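Enquirer: Please find the sequence and the predicted model below.
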Amino acid sequence: MDSSITPTRRRGGARGPVTSSKITVPDGDSVKVVRACTIMRPAAELYAFWREVENLAQIIKYPCSIVRISDTESRWSASAPPGDRRIEWTSLVINDEPSRLIAWRTAEGAEIAHAGSVRFEPAPGDEGTEVTVALEYNPPGGQFAALVAKLTDKEAGQQVAETLRRFKALTEAGEIPTIEGQPAGNAQDDGAAAVDAEQKDRP
Amino acid sequence: MKAACWMGKRRVEVQEVREPRILNPRDCIVKITSTAICGSDLHLYNGFVPTMEKGDILGHEFMGEIVEIGPAVKLRKVGDRVVVPFTIACGGCHHCQRQEWSCCDNTNPNAAMAELINGYSGSALFGYSHAFGGYAGGQAQYARVPFADVGPIKIESDLPDAKVLFLSDIFPTGYMAAENCAIDPGRSTVAIWGCGPVGQFAVRSALLLGAAKVFAIDRQPERLAMAQAAGAYPLDESKLDVHERLKELTGGRGPDAAIDAVGMEAHGSLYDTVKQRLKLEQDRPFVLRQAIRAVRKGGVLSIPGVYTGMVDKIPFGAAFAKGVTFKMGQTHVHRYLRPLLEMVQSGRIDPSFVVTHRFPLSRAAEAYETFRDRTDGCIKVVLDPAA
């Protein structure tokens, strides 16, 4: 079975039906990003995390909400460039091979149509699992779609890479590294104290 | 609490900041009892490490008492007296499982930044710029320490702080530098450039590992004297031709291994100093060049000295022609904690020999200046956080 993302390069914005095994994003000028990482956990465990779609909110860095509607359908809401507008869409699982692959696409009518897949394959020597995410989408921007696509390609790649990085940290280390909320000196040169009045001193 | 904050090039300010709190389930909070200034802190101080931000809390050599633990901490307990490795490692990734702790995949929240510079990100470090994670450092009264069960080593004995504090960095760093030399006991000769704190521990570690001869190269008399006291042969590079002298002292073969314990701010080359000032070159690799030339054919060049960016005019042809092996990188501190603590406990080494100066934390700015200028024979500074 062909489980890869196959872009359809049809100019002129024609929309066609999605074939059963191919993940397609209608319309031209789509952006495709592929990122991979290796995680020292069994494929079955990683697949199970990803299949429980609401879990993904933990590893996607930008704030988004995910509501499971059925085993193959979920409702997503997130902010998107440009201008960080709130957008919503429905995601459909269109291919599911336990411990190996999950593929999805947006339901008809999504503002940013996209499709993606995540593959779980044992790393050579059975040292962990290689996790590969492929994502293809049509960026917003109307007539500037192609330009925006180029500009956002890097951004999308970084977001997928960051999602994978957080997935790896959470499953391997049990937590996602952060420094948010740690103390720092006052960056102003006046040397003024930056004491949080609410915090009590330790003994 | 009081903390030494980086406020720009050659500006350290002790400020009153809020205390750290648990941010992740495997964190602990350490009340610091001793903390030191590292030679690599001078690279930050002198403004040669990018991605520092004003207000960043400095320091990566510290120890103290655990006063709080996160909900997922299982081994460490409140009240444990611990030394904290300067590298932050998760214990679960491929690299941690291979004991390559400073290559940990999962501790740098700014890994993307490091990837942009280096291709891949190593482990995060305490108090060492945002490309290395941006974690607040230990020149403070308290520090948040992630992965409490993985990094901090519990000190069960009543050894004073000064004997165990340097397990956090410079002792393992000097030891790994010597270990990387593949010393053949009773036969190998090792030349060590730089008799700062790491160089001093490299000298002693090379001798502990059985090196037949250790040559210590510097220009500061007190540093050479300290290396000589451990059994090294001192070479004052300001007064002699190091290359020729090493050749002579090794029967014309050259030392079997060379250690660059100086790194990016070596003195001796006006070319590099000017280029670095003009931002045409990030590092001054003077020692690196000399060491590549001096090491014997088929020898090892071990580099604990820190480099952060581009270096210019490295005699790569010489390294190739002689078949030199390069060994380098941030120290895998966790790997050495237990064996080196045992060496301290058994009395084979007393790391407190290196301490020449003590300052209260409140006078950290003065301490940095003294260390940088090597005033009054300054080799190693320990700060007292309580004062």
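Expert: On my side now, so go ahead. Numbering: from 1, shown residues only, chains lettered A, B, ... in the order given.
Enquirer: Kindly indicate whether residue B:313 is helix, strand or coil.
Expert: coil (DSSP: H, G, I helix; E, B strand; the rest coil).
Enquirer: Can you get me a residue count around it?
Expert: Around residue B:313 sit 12 other residues, with neighbours defined as other C-beta atoms under 10 Å in any protein chain shown. Every C-beta, even on glycine, is put in place using the N, C-alpha and C of the backbone.
Enquirer: Repeat that for residue B:248.
Expert: Here the number of neighbours of residue B:248 (other C-beta under 10 Å) works out to 10.
Enquirer: if I look at it, how far off is residue A:111?
Expert: Note on residue B:248: its distance to residue A:111, by C-beta to C-beta, to the nearest Å, is 77 Å.
Enquirer: and the residue of the stretch 151-300 of chain B found nearest chain A, how many neighbours?
Expert: Here the stretch 151-300 of chain B gets closest to chain A at one residue, residue B:151, 12.4 Å apart by C-beta to the nearest C-beta. Residues near residue B:151, counting by other C-beta under 10 Å, number 27.
Enquirer: Three-state assignment for it, please.
Expert: Taking three-state DSSP as the rule, one finds residue B:151 in the coil state.
Enquirer: and it, backbone torsions?
Expert: As for residue B:151, its main-chain torsions (degrees, to the nearest 10) stand at phi -90, psi -70.
Enquirer: Could you measure from it over to residue B:73?
Expert: Going from residue B:151 to residue B:73 by C-beta to C-beta gives 11 Å.
Enquirer: Overlap of the contact sets of the two?
Expert: By the contact definition C-beta atoms under 8 Å, 6 or more residues apart in numbering or on different chains, residue B:151 and residue B:73 are jointly contacted by no residue.
Enquirer: Any stretches of the stretch 201-350 of chain B with poor pLDDT?
Expert: Scanning the stretch 201-350 of chain B with the threshold set as pLDDT under 70 gives B:268, B:280.
Enquirer: For it, just list every one of the helices.
Expert: When secondary structure is read from DSSP state H, counting those that start in this stretch, the stretch 201-350 of chain B shows helices at B:221-230, B:242-249, B:270-277, B:286-294, B:316-322, B:333-345.
Enquirer: which one of the ones you listed is the most hemmed in?
Expert: Among the helices of the stretch 201-350 of chain B, helix B:286-294 has the highest mean neighbour count (mean count of other C-beta atoms under 10 Å in any protein chain shown), at a mean of 24.
Enquirer: Output that one as PDB, nothing but the C-alphas.
Expert: Taking only C-alpha atoms (Å, rounded to 0.1, in the frame of the first residue of the first chain), the coordinates of helix B:286-294 have been written out as PDB:
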ATOM      1  CA  PHE B 286      46.900  29.900  18.800                       C
ATOM      2  CA  VAL B 287      47.500  26.900  21.200                       C
ATOM      3  CA  LEU B 288      45.600  24.600  18.900                       C
ATOM      4  CA  ARG B 289      48.000  25.400  16.100                       C
ATOM      5  CA  GLN B 290      51.000  24.900  18.200                       C
ATOM      6  CA  ALA B 291      49.700  21.600  19.700                       C
ATOM      7  CA  ILE B 292      48.900  20.200  16.300                       C
ATOM      8  CA  ARG B 293      52.500  20.800  15.200                       C
ATOM      9  CA  ALA B 294      54.100  19.600  18.400                       C
END
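Enquirer: Report the distance from that helix to the chain centre.
Expert: Between the mean C-alpha point of helix B:286-294 and the mean C-alpha point of its chain there is a distance of 20 Å (C-alpha atoms, centre = their mean, to the nearest Å).
Enquirer: wait, does the helix or strand residue B:36 falls within make contact with chain A?
Expert: Per DSSP states H and E: residue B:36 is located in strand B:28-37. Yes. With C-beta under 8 Å from any C-beta of the partner chain as the threshold, strand B:28-37 lies in contact with chain A, specifically through residue B:31.
Enquirer: Repeat that for stretch B:361-368.
Expert: No. Contact of stretch B:361-368 with chain A is not found when judged by C-beta under 8 Å from any C-beta; the minimum separation is 10.9 Å.
Enquirer: Ignoring the adjacent residues along the chain, who's closest to whichever residue of the stretch 251-387 of chain B sits closest to chain A?
Expert: Here the residue of the stretch 251-387 of chain B nearest chain A is residue B:365; by C-beta to the nearest C-beta that distance is 10.9 Å. Once its chain neighbours are removed from consideration, residue B:365 has its nearest residue in residue B:12; the separation is 4.7 Å (C-beta to C-beta, 6 or more residues apart in numbering or on different chains).
Enquirer: My understanding was that the one you found contacts residue B:364; is that so?
Expert: Yes. At 5.6 Å, residue B:12 counts as touching residue B:364 under the criterion of C-beta atoms under 8 Å.
Enquirer: So what's the residue count around the residue lying closest to residue B:289 once chain neighbours are set aside?
Expert: The shortest distance from residue B:289 to any non-neighbouring residue, by C-beta to C-beta, 6+ apart, is to residue B:315 (5.8 Å). Residues contacting residue B:315 under the criterion other C-beta under 10 Å number 14.
Enquirer: how about whatever residue of chain A ends up closest to chain B, what does it touch?
Expert: Per C-beta to the nearest C-beta, the residue of chain A with the smallest distance to chain B is residue A:185, at 3.0 Å. Contact analysis of residue A:185 by C-beta under 8 Å, 6+ apart lists A:194, B:3, B:5, B:6, B:7, B:13, B:15, B:17, B:54, B:55, B:56, B:57.
Enquirer: Kindly recompute the last result at 6 Å.
Expert: Taking C-beta atoms under 6 Å, 6 or more residues apart in numbering or on different chains, we find residue A:185 in contact with B:5, B:15, B:17, B:55.
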